[in-house]
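Here is my input, please return the structure:
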Amino acid sequence: MDISESVTMAVKTLSANRLRSLLTVLGIIIGNASVIAMVGVGQGAQKYTTEQLQSLGTNLLYVFPGSGDVRRGSQRQNTLVLADAEAIESQVPSVKEVAPQISSQALVSYGSNAKQTSVIGTLPAFVSVRNFPVESGRFFTAPDVERNSRVVVLGSQLAAELFGTRSPIGESVRLNNGSFQVIGVMIEKGASAGNSQDESAFVPITTASSLLVGRTSPYGIAVNSIAVTAINEENVDIAEYQVTNLLRLRHKISGEDDFTVRNQADALAAANNVTGALTLLLGSTAGISLFVGGIGIMNIMLASVTERTAEIGLRKALGATRFDILQQFLIEAMILSLVGGAIGTLLGAGSIVVIGIYTPLKGGLSLGAIALAVGVSGGIGLFFGVIPARQAARLDPIVALRSS
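Numbering: from 1, shown residues only. I've put the predicted structure just below:
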């Protein structure tokens, strides 16, 4: 029998039982849609994470106090001071800018509005080092740091909660028991490392040390971290090496470091590995439904063989070969799986678009995922269609006609 004739006959047979055919391909539809949507969501998460980390700069280093060994409690020691940051900026040739940081919690209030939030003491270079510019007003300057000025720059969300739609520039707010003049509002930045910078307040590091935190180190102003930018991306590893050597000399270290240097590029690679593994896990989990859908196709095709025993016997009596019968049932199984794959692909693509509209996860359509899902669904139809097709092809025509 010509293959085109077999395809036409298969379409007519499946169309005659539309509801059953639809229910049969439902598993394939759900499987394909799930695989494509989950891979798209995973890629969206990977893209979002990459953009968030890259927005901080790929030539960025972070220096933290302590070796990072939680068991020894070294991360709680005040081993970094402002003088270390100044030394890095002046003595490390591969470093462009340095922004040390002190973080504390304080009650920020204006009138009847108040919020317990994070107050960050830093230097003017913080804006460029962290790629976090001011939206209105200005950031504090070197003279503000030298004079311990009581000035504050508000995060966008904090400004909105305290002042509503009014401009806070020039107004005075209270940080704990001190009065500070608002000189600027930062742009909307979003969360970083689990903390929303839009809810933070920023003050000169000397002001934070003298009025909010206090002197916590005998060697100077203790800092929670030092952000360092290399002169370019190619010099990040060199900068990391030079910063490490300088701090070891300054701290007179001969054994284990009392600080930790983290490379932003390494963090980006680690994040990509995690989100990539998550995407693979989501896609693999969703792919299980494709296997379940294939079993559904096999069950229905086996039932179809039983129902069409007389038809098979008659066709064999009229000269149809085993191959003709095998081909007929395989084509029907392939049509079911491919149609289900096509519908599932459309639903999966639509899900990615909807998710991108309502969430920050702007996933894209992966041609590889689509090809894999459709190819697997077609392969499943072929694989699970073989058993009922072989059973139909092996029917003895005389037995088949008698059983009818």
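
so how far is stretch 88-103 from its chain's centroid?
Here the centre of mass of C-alpha atoms in stretch 88-103, compared against the chain's by CA atoms, centre = their mean, to the nearest Å, lies 30 Å away.

Now do the buried residues in it.
Neighbour counts using 16 or more other CB atoms under 10 Å place 88-89, 92, 94-103 of stretch 88-103 among the buried residues. The way it works is simple: take the backbone N, C-alpha and C, and place the C-beta from them, glycine included.

any idea which of the residues you listed is the one closest to N235?
Distances from N235 to these, taken as CB to CB, are shortest for S94 (4.5 Å).

Find the least confident helix or strand in this protein, judged by mean pLDDT.
Across the helices and strands of the chain, mean pLDDT, DSSP states H and E gives its lowest value to strand 191-192, namely a mean of 56.

pull the CA atoms of the top strand by length along the chain into CSV?
Among the elements of type strand in the chain, defined by DSSP state E, the one spanning the most residues is strand 95-110. This file holds the C-alpha atoms of strand 95-110, laid out as CSV (Å, rounded to 0.1, in the frame of the first residue of the first chain):
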residue,chain,number,x,y,z
VAL,A,95,42.8,48.6,41.0
LYS,A,96,40.6,51.4,39.6
GLU,A,97,38.3,52.4,42.6
VAL,A,98,37.6,51.2,46.1
ALA,A,99,34.3,51.4,48.1
PRO,A,100,34.5,50.1,51.7
GLN,A,101,31.2,49.6,53.4
ILE,A,102,29.8,49.7,57.0
SER,A,103,26.3,48.3,57.4
SER,A,104,24.0,48.7,60.4
GLN,A,105,20.3,48.8,61.3
ALA,A,106,18.6,52.0,62.2
LEU,A,107,15.2,53.5,62.6
VAL,A,108,14.7,56.1,59.8
SER,A,109,11.8,58.4,60.4
TYR,A,110,10.1,61.5,58.9
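
The buried residues of stretch 88-103: which two are farthest apart?
Top of the distance list for the buried residues of stretch 88-103 (CB to CB): S94 and S103, 26.7 Å.

how about the strands in this protein?
The residue ranges that make up the strands of the chain, judged by DSSP E, are 60-65, 95-110, 113-122, 134-137, 151-154, 172-175, 178-186, 191-192, 195-196, 201-204, 225-230, 259-263.

Tell me which of those strands sits nearest to L347.
When those are compared (using CB to CB), the closest one is strand 191-192, at 31.3 Å.

center of this protein - which residue?
With distances taken as CA atoms, centre = their mean, the residue of the chain nearest its centroid is A45 (2.3 Å).

That one: what's it in contact with?
A45 is in contact with T275, L278, T279, L361, G363, counting by CB atoms under 8 Å, 6 or more residues apart in numbering.

7 Å - rerun?
A45 makes contact with T275, L278, L361, according to CB atoms under 7 Å, 6 or more residues apart in numbering.

so what pLDDT did M186 get?
Note for M186: predicted pLDDT of 95.

ok, for it, nearest residue in space, not its chain neighbours?
Ranked by CB to CB, 6 or more residues apart in numbering and with sequence neighbours excluded, the top spatial neighbour of M186 is G155, at 5.3 Å.

can you give me the mean pLDDT across stretch 158-171?
Predicted confidence along stretch 158-171 averages 92 (mean pLDDT).

on that earlier part again, among the strands of the chain, which comes closest to A16?
With CB to CB as the measure, strand 191-192 is the member of the strands of the chain nearest A16 (56.5 Å).

Can you list the low-confidence ranges for the stretch 101-250 of the chain?
Filtered on pLDDT under 70, the stretch 101-250 of the chain yields the residue ranges 190-195, 214-217.

run the last query once more with 50
193-194 (pLDDT under 50).

packing partners for the lengthiest helix in the chain?
Longest helix in the chain by number of residues, with DSSP state H as the criterion: helix 264-307. The helices and strands touching helix 264-307, judged by 3 or more CB pairs under 7 Å, 6 or more residues apart in numbering; DSSP states H and E, are helix 18-54, helix 322-358, helix 367-393.

Now with 8 Å, please.
Using 3 or more CB pairs under 8 Å, 6 or more residues apart in numbering; DSSP states H and E as the contact definition, the elements that helix 264-307 packs against are helix 18-54, strand 60-65, helix 322-358, helix 367-393.

Pipe those into TSV and attach distance to I295 and mean pLDDT per row.
What follows is the helices and strands packed on helix 264-307, written out as TSV (distance: least, CB to CB, whole Å; pLDDT from 0 to 100):
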stretch	distance to I295	mean pLDDT
helix 18-54	8	77
strand 60-65	51	88
helix 322-358	12	80
helix 367-393	7	69
